[in-house]
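1. My questions concern the predicted model and sequence given below.
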Amino acid sequence: MSRDVHLSELGEFLKARRAELSPRAMGLPESGALRRVPGLRREEVAQLAAISTVYYTRLEQGRIEASTPVLIALARVLRLDEDQRDYMLQLAGKENAWPRRLAAQKVRPPTRRLLDSLTDTPALVLGRRMDILAWNSLAAALMTDFSQIPEEHRNSVRLVFSDPAFRELYVDWEDSARNTVAFLRMEAADNPGDPRMIALVEELSEQDPQFREWWAARHVAHHSTGTKAFRHPVAGDLTLDWEALTCPTDADQQLVTLTAEPGTPSHERLRFLASWAADHEPRVEASG
């Protein structure tokens, strides 16, 4: 097919895909007014893809070529499956534009041994998308028994927004949640086409209006150090300093530790929690 025919077919393909999606499924408000055409409006697709309505309209009309970032955004918004995505990229002349599939992350044995040796310090390893890859027993005692969570759901952002216990655990949940979204937004820039990142953002955007609002605000931050206040059901109030140390063999893995200043009530309560955790022996992640 010629370039013009390709662009025309691309426009028709996008039009057909948006006709299959409802505003409710995309988390958009419904006015109740009768729609002239089924599915999403052009301006709604443009809004969700963070592009102008004029740009998207010209794209559907086959009058312009789309950039790779725009195509990636449209694949996410229109919820294209792998075959549909490949077809769209072929029509756009960008068959090799989709980001490579990321390999599964593994925690190295030395890092695992380091986790286990930190008996008085809660510690865990975060991977891409802030997935929880490994932890020690004190981190489980402080936060939750991660071994009871299916591996595909072990994600710190998902827990902050979907687990009611985390809302009770953080003294200032809203501040912690906002920061978590900013951290995730920064990570999304590193792998913009990561299907699991896209799925996580879509899931949380549909389920939680606060996540949707804060994600749209596009605040960003690196997660490297900070302070968190906890209200723990066993240890009581704890103010802990956290640090995220990048793994030397995988820049997408970080060892996160939480410590208390010696001599403070938080330090004594953390020691008490460590003793309690040793007695109760929570299960520690053992896969990989």
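-> The structure has been received and is ready for your questions.
2. which residues make contact with the helix or strand where Leu238 lies from outside it?
-> Using DSSP states H and E, Leu238 falls within strand 236-247. Outside strand 236-247, the residues within contact range by CB atoms under 8 Å, 6 or more residues apart in numbering are 108, 111, 122, 125-126, 142, 171, 223-232, 253-261, 264-266, 269-270, 273. Yep, even glycine has a C-beta here, placed from its N, CA and C like the rest.
3. Just the ones of those residues in helices?
-> 111, 142, 265-266, 269-270, 273 (DSSP state H).
4. What residues of the strand holding Leu238 count as buried?
-> 238-240, 242, 244, 247 (16 or more other CB atoms under 10 Å).
5. Can you name every helix or strand that the longest helix seen in the chain contacts?
-> Assignment by DSSP H gives helix 173-190 as the longest helix of the chain. In terms of contacts (3 or more CB pairs under 8 Å, 6 or more residues apart in numbering; DSSP states H and E), helix 173-190 is packed against helix 156-162, helix 195-207, helix 209-217.
6. thinking again about what came up before, which one (most neighbours) among the ones in helices among the contacts of strand 236-247?
-> When neighbours are counted by other CB atoms under 10 Å, Leu270 leads those with 26 neighbours.
7. Contact partners for it?
-> By CB under 8 Å, 6+ apart, the neighbours of Leu270 are 120, 122, 235, 238, 240, 259-260.
8. Swap in 7 Å and give it another go.
-> Neighbouring residues of Leu270 by CB atoms under 7 Å, 6 or more residues apart in numbering: 235, 238, 260.
9. JSON lines for these, including pLDDT?
-> Shown next, in JSON lines, are the contacts of Leu270 (pLDDT from 0 to 100):
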{"residue": "Ala235", "pLDDT": "97"}
{"residue": "Leu238", "pLDDT": "98"}
{"residue": "Ala260", "pLDDT": "97"}
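10. out of those, who's nearest Asn179?
-> Minimum distance to Asn179 across the contacts of Leu270 is 17.7 Å, recorded for Leu238 (CB to CB).
11. now the closest one: how far from Phe183?
-> Distance, Leu238 to Phe183, using CB to CB, to the nearest Å: 21 Å.
12. Is there a neighbour count for the residue lying closest to Arg18 once chain neighbours are set aside? I'd like the number.
-> The shortest distance from Arg18 to any non-neighbouring residue, by CB to CB, 6 or more residues apart in numbering, is to Leu40 (4.6 Å). Neighbour count for Leu40, taken as other CB under 10 Å: 24.
13. again with Leu184
-> Count around Leu184 with other CB under 10 Å applied: 25.
14. for Asp81, same thing?
-> 9.
15. repeat for the one 5 residues further on
-> Neighbourhood size, Asp86 [other CB under 10 Å]: 14.
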